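Participant: what's the 3D shape of this:
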Amino acid sequence: MRTEVVKRPPVVQWLAMLVATLMIASLVRLGETELAVGLIPSPWDKLAHMATFGTIAFSLWLALGQRWLYSCAAFAFAIALYDEWRQLTLPGREADLADLLANGVGIVLAVLLARYIVARSIRS
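Facilitator: Down below sits the predicted model:
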């Protein structure tokens, strides 16, 4: 697979990095507030986990480029690990292996989508 097949305009790269940065910052900051406790009822919270961490991984990939795909996925998963670890100390929050699994599924789906986009652009 070629390292940089999908060409992105700089504005897309900047917007994608802004999205990823804002999502990470809001996870860290809002995750510490009472607002985060029970915000989304189970089992819908798992979809929110998948969407959040998938979007972070995909946005980072859009911002940084194809050759960083797996690094972006690993970074998103490291944030997911940190988020679950941090919940051990937050009142009203609990770390959950199912949440971590949902985070991972979202990240894997983002990687698959990115690879599909690259494969499709190679064929074009």
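Participant: Low-confidence ranges, this structure, go.
Facilitator: 1-6 (pLDDT under 70).
Participant: go with 50
Facilitator: Residues of the chain that meet the criterion pLDDT under 50 lie in 1-3.
Participant: show me where it has helices.
Facilitator: Residue ranges of the helices in the chain, as given by DSSP state H, are 10-30, 44-64, 69-86, 97-123.
Participant: Dump those helices to CSV, plus mean neighbour count.
Facilitator: (Glycine included, C-beta is placed from N, CA and C.) Formatted as CSV, the helices of the chain follow (neighbours: other C-beta atoms under 10 Å):
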stretch, mean neighbour count
helix 10-30, 14
helix 44-64, 21
helix 69-86, 18
helix 97-123, 16
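Participant: Make CSV from these and add distance to V37 to it.
Facilitator: Formatted as CSV, the helices of the chain follow (distance: least, C-beta to C-beta, whole Å):
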stretch, distance to V37
helix 10-30, 11
helix 44-64, 11
helix 69-86, 14
helix 97-123, 14
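Participant: List the contacts of the nearest residue to L81 once chain neighbours are set aside.
Facilitator: Spatial nearest neighbour of L81, chain neighbours left out: L100 (7.1 Å); criterion: C-beta to C-beta, 6 or more residues apart in numbering. Residues near L100 by C-beta atoms under 8 Å, 6 or more residues apart in numbering: 80-81, 84.
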